Structure formats: C-alpha cells, structure tokens
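Participant: sequence first, predicted model second:
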Amino acid sequence: MKRIAKVIGLVGGAVALIWAMRDRFISVATSREPEPPAFKGGQGPKATVDSIDGIGPVFADRLTRVGLGTVDALAQASPDQVAEAASVSAARARAWIDLAKQG
C-alpha cells in the first residue's frame, strides 16, 4: 500500500511539474510575439510618414530630406530607395512601403 502511494505521489509530482513548465513556456512564447505594425493616426496621402508604426522622428526626418515625407510618396518609392535614405534594411523598408500602400 505504501508503495502504491509513493508511486502515485511521484507521478502526481511529475505531472504537476510538467504542467507548471508548460504554462511557463507558453506564456513566455506568447509575450514575445510582436504586434503587427499599424498606422498611428492621420491617414491619407498627405499624412506624414511618422504616422506609420515604426517610423519615428529620426527616420521621418531622414525620409523627408530625400522627398519621401508623405505616406503617398513612401508608397510609390522602391524598397532600395527607402532603405538607403533611412539607413534601414530592405525588409524593414518593404514593410513601411506596404503599410503606406494600405493607408
């Protein structure tokens, strides 16, 4: 009888440990997922590029200096042009252009 109780205790402890670790790993994984980028406000072709999520004042200033200061101008630009002007990766530039086309 004591042996059965010991086995049940060990199995129960193992199950509780696995359950606790499962919750820990799931909560860590979901908290690391990035939020999708979106417009901050001020939509339309005359809206400035800083209304796009991920483009702050520094990037907006860099883009404005080369004539890409509006959402419409950004939507029509090439990823290479945007990447070079803002000193960012081509992937990030493509994401900004896609957001500008949506707006």
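Facilitator: Looks like it came in fine.
Participant: run through who's touching stretch 77-91.
Facilitator: F59, R62, L63, R65, V66, L68, L74, R92, A93, R94, W96, I97 (Cβ atoms under 8 Å, 6 or more residues apart in numbering). Backbone N, C-alpha and C define where each C-beta goes, glycine included.
Participant: show me which positions of that stretch end up buried.
Facilitator: By neighbour count with 16 or more other Cβ atoms under 10 Å, stretch 77-91 contains the buried residues A77, P79, Q81, V82, A83, A85, A86, V88.
Participant: and those residues, which is closest to L17?
Facilitator: Comparing the buried residues of stretch 77-91 against L17 with Cβ to Cβ picks out V88 as the nearest, at 44.4 Å.
Participant: hang on, the closest one in a helix?
Facilitator: No: according to DSSP: H, G, I helix; E, B strand; the rest coil, V88 belongs to no helix; its state is coil.
Participant: got phi/psi on it?
Facilitator: Note on V88: backbone dihedrals following degrees, to the nearest 10 are phi -130, psi 170.
Participant: then E84?
Facilitator: E84 has phi and psi values of phi -70, psi -40 when expressed as degrees, to the nearest 10.
Participant: that older thread, in strands, which of the buried residues of stretch 77-91 appear?
Facilitator: With strands defined by DSSP state E, no entry of the buried residues of stretch 77-91 lies inside them.
Participant: using CSV, lay out the contacts of stretch 77-91 together with secondary structure.
Facilitator: CSV is the format used below for those (three-state DSSP):
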residue, secondary structure
F59, helix
R62, helix
L63, helix
R65, helix
V66, coil
L68, coil
L74, helix
R92, helix
A93, helix
R94, helix
W96, helix
I97, helix
